[in-house]
Structures are given as structure tokens and as C-alpha cells.
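# generate coordinates for the sequence data below:
(chains A and B)
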Amino acid sequence: QVQLQESGPGLVKPSETLSLTCTVSGASISSYYWSWIRQPPGKGLEWIGYIYYSGATNYNPSLKSRVTISIDTSKNQFSLKLSSVTAADTAVYYCARTTMVGITDYWGLGTLVTVSS
Amino acid sequence: DIQMTQFPSTLSASVGDRVTITCRASQSVSSWLAWYQQKPGKAPKLLIYKASSLESGVPSRFSGSGSGTEFTLTISSLQPEDFATYYCQQYDSYSRTFGQGTTVEI
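Predicted coordinates:
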């Protein structure tokens, strides 16, 4: 059974960098695409971006200047960094698996990150 | 970016009702469309992919149809566990986008 688990600080100060890691179990990270999606409280889903095991990435154009997604195949983990955060970046952040044809089928439980001083 | 618009935003229904949710894309996404169900405090769950393919384990009362720019998700007979928010997502373009969601309430 594929499982994904997000980890990282739940509170980040404005202007700092949000960092999250997703640990994958039950599947090799050296296949598939691996995605980050977020959801502000009470709002809809926003796709952040994804990475392939080769390191190739694709980001949401509206976040591209602040986002970096990386992958560590030796640990079966991938990570998200979002710089210069503001209160608008407060959200539940989900990591997820995306198939080679683009279907996002397995999701982590999500982790709430609050941006506040 | 391809914009995805869902309607209605909220839908009031009763157990046993047939429910239809519509998702419209700002340009053609062929059949590269998925539907997700999300319950409060939970991660989204994949229901339908490639517009009309039912994900394994999803009840057959859920069905999807459409292609190009117009898509529908239908629940043939609403069950108590189906009260949730539903999202469409296109995966035709490199920049993936979601609809704003449709909440099905009692």
C-alpha cells in the first residue's frame, strides 16, 4: 500500500522559507512524478508543482519564482521549499503521487503550515 | 493557464437523489480530467480519471462523462457518505489546475 507522509515546521515567520519533506513508503520513488498541492483554510486546492525522479520539475507559474522541489531517491523522499512566505501561504500542504499520464492517485494526510510572526 | 470552472458551487440534495456536477475548461483538455472527493479534514480521494474511468474501489454510482471543455460527474443515487466537496482537475497542460469545488450538502 502506497503511503505518503508530510513533515516539517507547522509555523513559519513571514519572509522566511517554508520547508517540507514527504516520505514515501510502499512504492519506489524512482518511478512516477511526485507532487505538492496546497489548500488554504476553507478554500480550494492549488497545484504547486511536481518532480520526476530524474530531477525534472514543473511548477505553477504563479509560484515559480519562490518554489523549489527536490528529490532524494536514497531516502525515498522529496521536498518543498517556498521562499519569502506571507500570510497568504498559510495552508494545508499535501504531497502526492502522480502517474506517468498525470493522474494524482495517492495523497498524504496533509500538514498545516501557518505563516505568522 | 487553463481555468476550470465548476457549477454549482453548492448543491443541496437528499439521500437517493441523482446529482450532477459540471466542470468547464477554458480550453480543450481532451479527456485529461480527474474528479476528486474531499471530506472535512481529509485529503482528496481520486474518484474518476481520464474523464470517465472509475478508480478501483470507487462505487459504481459515481460516473464521469465529457471531453474537450465540458465534463460532468454524476452520482446516481446519493448516499449519506457522499456528502462532501468535489473537485475537478485537468492534467492536459504542464500547469495543472483544479476547479473551485462543489459542496454537496443535505
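# drop to CA atoms for contacts and neighbour counts, all remaining ones
Will do.
# tally of neighbours for B:T72?
By the criterion of other C-alpha atoms under 10 Å in any protein chain shown, B:T72 has 22 neighbours.
# now do the SS call for the nearest residue to it once chain neighbours are set aside.
Spatial nearest neighbour of B:T72, excluding adjacent residues (C-alpha to C-alpha, 6 or more residues apart in numbering or on different chains): B:T22 at 4.5 Å. Counting by DSSP: H, G, I helix; E, B strand; the rest coil, the backbone at B:T22 sits in strand.
# ok, B:T22 - contacts?
Contact analysis of B:T22 by C-alpha atoms under 8 Å, 6 or more residues apart in numbering or on different chains lists B:Q6, B:F7, B:P8, B:E70, B:F71, B:T72, B:L73.
# ok, the second one touching B:T20?
No. B:F7 sits out of contact with B:T20 when judged by C-alpha atoms under 8 Å, with a separation of 9.4 Å.
# can you give me the strands in chain B?
B:4-7, B:10-12, B:19-25, B:33-38, B:45-49, B:53-54, B:62-67, B:70-75, B:85-90, B:97-98, B:102-105 (DSSP state E).
# buried ones in the fourth one?
Read it as strand B:33-38. Across strand B:33-38, burial judged by 16 or more other C-alpha atoms under 10 Å in any protein chain shown covers B:L33, B:A34, B:W35, B:Y36, B:Q37, B:Q38.
# got the angle between it and strand B:19-25?
130 degrees (axes from the mean of the first three to the mean of the last three C-alpha atoms, to 10 degrees).
# tell me what angle strand B:33-38 forms with strand B:70-75.
Angle of strand B:33-38 versus strand B:70-75, following the same axes, to 10 degrees, is 40 degrees.
# what does chain A put close to chain B?
Where chain A comes near chain B, counting by C-alpha under 8 Å from any C-alpha of the partner chain, the residues are A:44-47, A:49, A:58-61, A:94, A:102-110.
# mind doing that once more with 6 Å?
By C-alpha under 6 Å from any C-alpha of the partner chain, the residues of chain A that approach chain B are A:G44, A:N60, A:G102, A:D105, A:L109.
# if we can go back for a sec, what's across from the residue nearest to B:T72 in the sheet?
B:F7, B:T72 (DSSP bridges).
# and of the buried residues of strand B:33-38, the nearest to chain A?
B:A34 (7.3 Å; C-alpha to the nearest C-alpha).
# just checking, A:K13 touches A:V115?
Yes. Using C-alpha atoms under 6 Å, A:K13 is in contact with A:V115, at 5.5 Å.
# spell out the secondary structure type for A:L4.
Local secondary structure at A:L4 is given as strand here, using three-state DSSP.
# any idea how far chain B is from it?
For A:L4, the distance to chain B (C-alpha to the nearest C-alpha, to the nearest Å) stands at 11 Å.
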